[in-house]
Structures are given as structure tokens and as C-alpha cells.
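Asks: Got a predicted structure plus its sequence, pasted below:
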Amino acid sequence: MGLVLHSLWNRRFVATLTVVAIALSVALILSVERLRDSARSSFANSASGIDLIIAPRGNDVQILLATVFGVGSTGTGMSGEVLDVIEDMPGVAWAVPLMQGDNHKGFPVSGTSEDYFTHFKHSRGESLLFASGSTFSDPHSAVIGAEVAERLGYRVGSEIVNAHGAGTVALEIHDEAPFEVSGILAPTNTAVDRMVWVSLEGFDGLHAGDEAPSADPFAAVTDLDAHEHEHDEAHDAHAFVPDQLNAIYIGLSNRTAVLGVQRAIATYSAEPLAAVMPNVALLQLWSITGTAENALRLMSVAVVVSSMIGMVVMLSAALEARRREFAILRSVGAAPRDVVLMIVTEALLVTAAGIALGLALFWAANLVAAPLLTARFGVTLSGQLLNLREAALLFTVLCFGGLASVLPAWRVYRMTLADGLTTRL
Amino acid sequence: MLRGPSGSGKSTLLSAISGVVDVPAGAVTVVGTDVSTLPASNRDRFRADHMGLVFQVFNLIPWLSALDNIQLPCRFSKRRRLRVQGPVEGEAHRLMRALGLDPDTLGTAKASDLSVGQQQRVAAARALIGKPEIILADEPTSALDPEARNTFMHLLCQQTQDSGAALLLVSHDSGLDHHFDRVINLADLASTGAT
């Protein structure tokens, strides 16, 4: 062991390069795995408290992304009467209406009722908590997620102005109708942290002073056209009662009722609706992104393999130069077996050092990337140092390192047998 | 001492004695053990336990210090480690001193930084550590100048005697004859074998 360390130290330059190569590959494969797991659990946590999402008929994944994550839009609206119908359905414990289509500095703004804060559950059954303030106190109140508050420096009482549209590009700023922050939610590590809620009345009222859609020069080139119409229709009727909704979250009193409710909604005759089970939609989403994920995984496995080949190259290239060393070791009593063991130990040491350095890199990358990922994508990296699967992965890499050394070890064995004690140089 | 011109089979004979090459059963017996009948791994063990070897050049592992080089056999042979009285490192110091090397200045130097003469003495110390029964030396002096050669031989013989080991040295150099009790010419041996 001491001999192996000495010998490696003697070749520290190449050995270090090899260790670094392995470390990078290990960090890469760990990061890919962690990112994937975190993204999935983050998404699943965001949607975990909703049994069904009712929205105008459309693609399940699109509906899920638009409602729970504020990515894209559901397209058309549905009439506000649906809410009453759904609330009366057997098995429905609660229903929370949702209006969407605005943003505040890139954060999605939704119109909802106060019920949202009492019924919505995230991360396997945790309720939303207010870090400060409370729910809407008047139509111009707004509740903001923890991250919105932190990033924009808002406190209870801050005034916010929303813009129309779903992106960071403010197509139309509703500066005539500012909102006052009435509450800030505690961090949930889900999409909720990045959202802004206003009351249905307030959201509807935003668009009360809108011009006709044709006055908006961008309306024709965006897919927000539908929204414009929908809002116009909305305030043609009553000022503060939502006539048009984008979606309704449903919680069931009995989860076995889910299929019945889903069927009832699918066959609802007044307008085409869809009832989306978030978990099913997520599975669909994963099957779409799965190909890309697998490609990424395959790449990182390839990088690990190539770093291992690099190690075999390092060990093999040094063999010729070390013939003398091996012959001397044999003359002082080392059996060929001992020499082989040295090579295998060397490979394991290099791999282990690579894994250790890789872990350090991975943790460092996590520290740097975690806030960025949360801010940009709402994905929270799990704070775990190493989970079981990742540990198993590292162990596999180590075994593979040992296995990779068999080739040079075999050559050494043949060499030491052939050379005996004399060194022919 | 075994003498013969180069190519006469001296080194091969040493290989046979040390058990590196296969020989017919009963052909080589060292300290009461028939080396030829031992399986390969036991031969390695036997060599490590009972023999010290010194070669012409390149005896030392270049990236180890002189002291570490001397202690190498004790890593591989438990018997030789046990035959050292006291700590192995102390014995290595003693041997260096006995062979005219200062362990304090040269002991920690890397083997590759030593002169050839010094390297040979370190190799001798390594062969002697743990008191093996037999020291095999293959042309240990051929890389040394005459002065160094005589000093080296003198020290080697003295230490071999002190540790009670037998010294078998092969060389083509008849100038070494006076250091030995017996000098055998390989050519004579070969003709004996032939008849």
C-alpha cells in the first residue's frame, strides 16, 4: 500500500490528470442524476395536493404546465358556471377557480379565491403557510410566493403592477390597476414560490379598462388573442364575478371517486372540458422528456467510461517503463501475485481519489447551482449529500475501476513471469 | 565464487538457484530444500525468506529512499522481518553504517540520486537485512572502478560473515578471487557435468 502510494507519487503528474478526469466524469454523472431526480420530485411536489385539474379540453401536459407551473397557457377559457356544477358533484371536497394570463416581472399571476390558500397542498400534504401578512383583504390585494418576495424585495404593503402575457416581455402594463401585497407565503420549494395571486375580482377588474383587442398591436402575433377576447367577454357581463375561468383545481373527499368525476366532466354537455390527473399528466411529461434524459445519461456514462479508459492507458503506458521496478520487487521477494495486486490497488486508489474529488466537485457545483436553478426554473436541488442510488452509482464506478485494471494487471503478470529477476533494458 | 566468461551460463545458474527458472527435480537444493520441486508461489516465498540478491546495476527502486529500499525484503518476508532484532528501520541504519554509508545524510535520499558505488552498497545492505542464509551476487562489481570494487567487496564479505550467510558471487573478474574461500571455474563445472 505504502509502495503503491510512493509509486503513484513518483508519477504524480499523470496520476493527477487521471484522477481529475475521473473526478469530472463522476461529478457529471452525479449532477445529471441529481438534476433529473430533483426536477421530478420538484414537479411532483408542486402538483401533489391536487386530485384533478378541470380546464377547457386540451393537452393534459399543457394544462398541467399552464396551471400548476405557470408555463404557457391553457388557451381558451371556460364559463364560470362550471364551478358551480363541479362543486355540486358527489365526491368533490373543494374546488378552487383559477384565472391566468398575466405576469408580474416574469412571475405568473393567477386570479383565485381565498380557498386556494386553505385547500392547496404541496409536497405530500403540506398546507400553504403565510410567512407574513394574510390572504386577500380587498379586491386589490395580492399574495406572493416566497421567491417572488425575496427576488423583488417585496414586503406586505408593497405595490405591484402586473402585465399582460405569460412571459417576461410586458405586452401591456396594467399600471392603472396596481395591487397591494397583503401576504407572503412561506417557502415551499415548489412552483408556488414563484407565483403571484390576486383575487378573482381583482384579476377580472384588471382588464375592465382594456381597449378592444385590435388596439393591441402585438395581439395578432401572440397566442394571447384568446385571452383578450375572454376577458372582454368577462367584463361585458358582471364586473367582479368571474364569468370566464382558465382552470379549476379539485380536491376529492374520496380519492376513489376520481374516475367518476373525470367521466362526468368529460361528458359535460355544455362545453368541452377535460379533467386532468396531475400525476398521470406528469408521467406523460416524463415520457416526453425521457428520451432527452436518457441521451444525457448515456453521455455521462460514456464520459465515465472514457475516463476509465484513460486510467487504463495511464497504467498500461507506465508498465514498460516500470519493468525494472517490477523485476527489483520480485528479486526482493514479491511474487507476481503481489505485483498484480499493486496494479489493482493503484487503479482502485486512483478511482477512489477520482470519486472523492468528483464528490467534492459535485457538492461545490450543487452549492453554486442550487440558487440559480431555483430562481430560473423553480427546481430545488435536494440538499441531501448523497442518496442511496448515487452511492450505488459511485460503488459501481469503483468496481468498474478495479475491473478496468485487470487488463494492465494481466500484462504485468505475464511480464514479471517472463522477465524473472533480471532486467533486460 | 563462481567464475566464468560472459555467456557461460553464470546468470542462468543463479536464476536456477533462486528458483526463477524451472529446473528438473533434485537439481538444485538450497539450505536443505529442493527448490525445483516447490510450486512457483512457494519458490517466491522461499527466495524472499532465504536469499538476498545483488545485481550488476539497477538494484534499487529509483523513487524510494535508500532506507526504504533496504527495508523492502522485510515487507515481503515475514521470516526476515522477524529475524531482525529491534525495529527494521534501526537495522537498516546499522547496515548502512556498517557498509560505510551515513544513514542520516544518505538514508532519506532517493535511490536515483546516489552514485553507482553507493547504490551497490545499499543493494548489499538490502540483501543482508533479516539475515538470509545465502547471498547471491551477480557481477555486483562490474560497474565499479577498481578502488570502489575492493572497498565494496571487503565490506560485503565482512558483513556476510557477520550475519553468518553464505555468499555466492558470479563474476568474470579474477581480481576478486582473493576475497573467497572457494573459487570455481564454470568451465570446470561444465566439463565435470559432461563427463
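Replies: Good, I have the coordinates.

Asks: what residues are up against B:Ala98?
Replies: B:Ala125, B:Leu155, B:Gln158, B:Gln159, B:Asp162 (C-beta atoms under 8 Å, 6 or more residues apart in numbering or on different chains). For every residue, glycine as well, the C-beta is placed using N, CA and C.

Asks: Then B:Arg126?
Replies: A:Val332, B:Gly52, B:Asn59, B:Leu60, B:Asn69, B:Ile70, B:Gln71, B:Leu72, B:Pro73.

Asks: hang on, isn't the fourth one packed against B:Gln119?
Replies: Yes - the pair B:Leu60 and B:Gln119 passes the contact test of C-beta atoms under 8 Å, sitting 5.6 Å apart.

Asks: Of the two, give the one with the bigger neighbour count.
Replies: B:Leu60 (26 against 22; other C-beta atoms under 10 Å in any protein chain shown).

Asks: now, which of the contacts of B:Arg126 lie within helices?
Replies: Taking DSSP state H, the ones among the contacts of B:Arg126 that sit in helices are B:Asn69, B:Ile70, B:Gln71, B:Leu72, B:Pro73.

Asks: Tell me how many other residues crowd the residue in chain B that chain A sits nearest to.
Replies: Using C-beta to the nearest C-beta, B:Ala48 is the residue of chain B that sits closest to chain A, at 2.5 Å. Other residues lying near B:Ala48 total 27 when counted by other C-beta under 10 Å.

Asks: Same question for A:Asn103.
Replies: A:Asn103: 23 neighbours (other C-beta under 10 Å).

Asks: give me the element it is part of.
Replies: strand A:92-104 (DSSP states H and E).

Asks: Can you name the secondary structure element that comes next after that strand?
Replies: Immediately after strand A:92-104, counting by DSSP H and E, sits strand A:107-112.

Asks: which other residues reach that following strand?
Replies: A:70, A:96-100, A:102-103, A:142, A:144-145, A:148, A:162, A:166, A:194-200, A:202-204, A:242.

Asks: low-confidence ranges in chain A?
Replies: Along chain A, the model assigns pLDDT under 70 to residues A:1, A:74-75, A:165-176, A:206-242, A:374-383, A:419-425.

Asks: let's see it at 50
Replies: By pLDDT under 50, the weakly predicted segments of chain A are A:209-241, A:424-425.

Asks: Next up, the contacts around the residue of it found nearest chain B.
Replies: Per C-beta to the nearest C-beta, A:Gly333 is where chain A lies closest to chain B, at 2.5 Å. Contact partners of A:Gly333, counting by C-beta under 8 Å, 6+ apart, are B:Asp44, B:Arg45, B:Arg47, B:Ala48, B:Asp49, B:Leu72, B:Pro73, B:Arg75, B:Phe76, B:Ser77.

Asks: May I ask which of the residues you listed has the most neighbours?
Replies: That'd be B:Arg47 among these, by other C-beta under 10 Å, with 31 neighbours.

Asks: quick one on the thing from earlier: which of the contacts of A:Gly333 sits closest to A:Gly401?
Replies: B:Arg75 (24.8 Å; C-beta to C-beta).

Asks: OK, contacts around the closest one?
Replies: A:Leu3, A:Val332, A:Gly333, B:Arg81.

Asks: Likewise for A:Ala364?
Replies: With C-beta under 8 Å, 6+ apart, A:Ala364 has no contacts at all.

Asks: ok, 10 Å please
Replies: A:Ala27 (C-beta atoms under 10 Å, 6 or more residues apart in numbering or on different chains).

Asks: and it, what element?
Replies: If you go by DSSP H and E, A:Ala364 is part of helix A:336-377.

Asks: what do you get for B:Pro132?
Replies: Taking DSSP H and E as the definition, one finds B:Pro132 inside no helix or strand.

Asks: Alpha carbons of stretch A:144-158, as PDB, please.
Replies: Backbone C-alpha positions of stretch A:144-158 (Å, rounded to 0.1, in the frame of the first residue of the first chain) are rendered in PDB as follows:
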ATOM      1  CA  ILE A 144     -46.900  36.400  -3.400                       C
ATOM      2  CA  GLY A 145     -44.700  33.400  -3.300                       C
ATOM      3  CA  ALA A 146     -41.600  33.300  -1.100                       C
ATOM      4  CA  GLU A 147     -39.200  33.600  -4.000                       C
ATOM      5  CA  VAL A 148     -41.100  36.500  -5.700                       C
ATOM      6  CA  ALA A 149     -40.800  38.400  -2.400                       C
ATOM      7  CA  GLU A 150     -37.200  37.600  -2.000                       C
ATOM      8  CA  ARG A 151     -36.100  38.400  -5.500                       C
ATOM      9  CA  LEU A 152     -38.100  41.600  -5.900                       C
ATOM     10  CA  GLY A 153     -37.600  42.700  -2.300                       C
ATOM     11  CA  TYR A 154     -41.400  43.000  -1.600                       C
ATOM     12  CA  ARG A 155     -42.900  43.200   1.800                       C
ATOM     13  CA  VAL A 156     -46.500  43.300   2.900                       C
ATOM     14  CA  GLY A 157     -47.800  46.600   1.700                       C
ATOM     15  CA  SER A 158     -45.600  46.800  -1.400                       C
END
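
Asks: The residue of chain B closest to chain A and B:Pro73 touch, don't they?
Replies: Yes - counting by C-beta atoms under 10 Å, B:Pro73 is a contact partner of B:Ala48 at 6.4 Å.

Asks: need the residues of chain A near chain B, please.
Replies: Proximity of chain A to chain B, by C-beta under 10 Å from any C-beta of the partner chain, involves residues A:2-3, A:6-11, A:322, A:324-338, A:417, A:419-423, A:425.

Asks: from those, which would you call buried?
Replies: A:3, A:7-8, A:10-11, A:322, A:324-336, A:338, A:419-423 (16 or more other C-beta atoms under 10 Å in any protein chain shown).

Asks: quick one: which of these sit in strands?
Replies: The strands, defined by DSSP state E, take in nothing from those.

Asks: if we can go back for a sec, now restrict the contacts of B:Ala98 to buried residues only.
Replies: Counted by 16+ other C-beta under 10 Å, the contacts of B:Ala98 give B:Ala125, B:Leu155, B:Gln159 as buried.

Asks: do you know how far the residue nearest to B:Ala109 when sequence neighbours are not counted is from A:Gly183?
Replies: Leaving aside its chain neighbours, B:Ala109 sits nearest to B:Ala66 (5.9 Å; criterion: C-beta to C-beta, 6 or more residues apart in numbering or on different chains). Distance of B:Ala66 to A:Gly183, computed by C-beta to C-beta, to the nearest Å: 77 Å.

Asks: So which of those two has more stuff around it?
Replies: Each of B:Ala66 and A:Gly183 has its neighbours counted (other C-beta under 10 Å); B:Ala66 has more, 27 against 21.

Asks: quick one: pLDDT of the more buried one?
Replies: Note for B:Ala66: predicted pLDDT of 83.

Asks: The one 10 residues further on now?
Replies: At B:Phe76 the predicted local distance difference test score is 80.

Asks: could you list every residue that touches the residue positioned nearest the centre of chain B?
Replies: Nearest residue to the geometric centre of chain B (C-alpha atoms, centre = their mean): B:Leu53, 2.9 Å. Listed by C-beta under 10 Å, 6+ apart, the contact partners of B:Leu53 are A:328, A:330-333, A:421, B:14, B:18, B:47, B:59, B:73, B:123, B:126-127, B:132, B:134-138, B:140.
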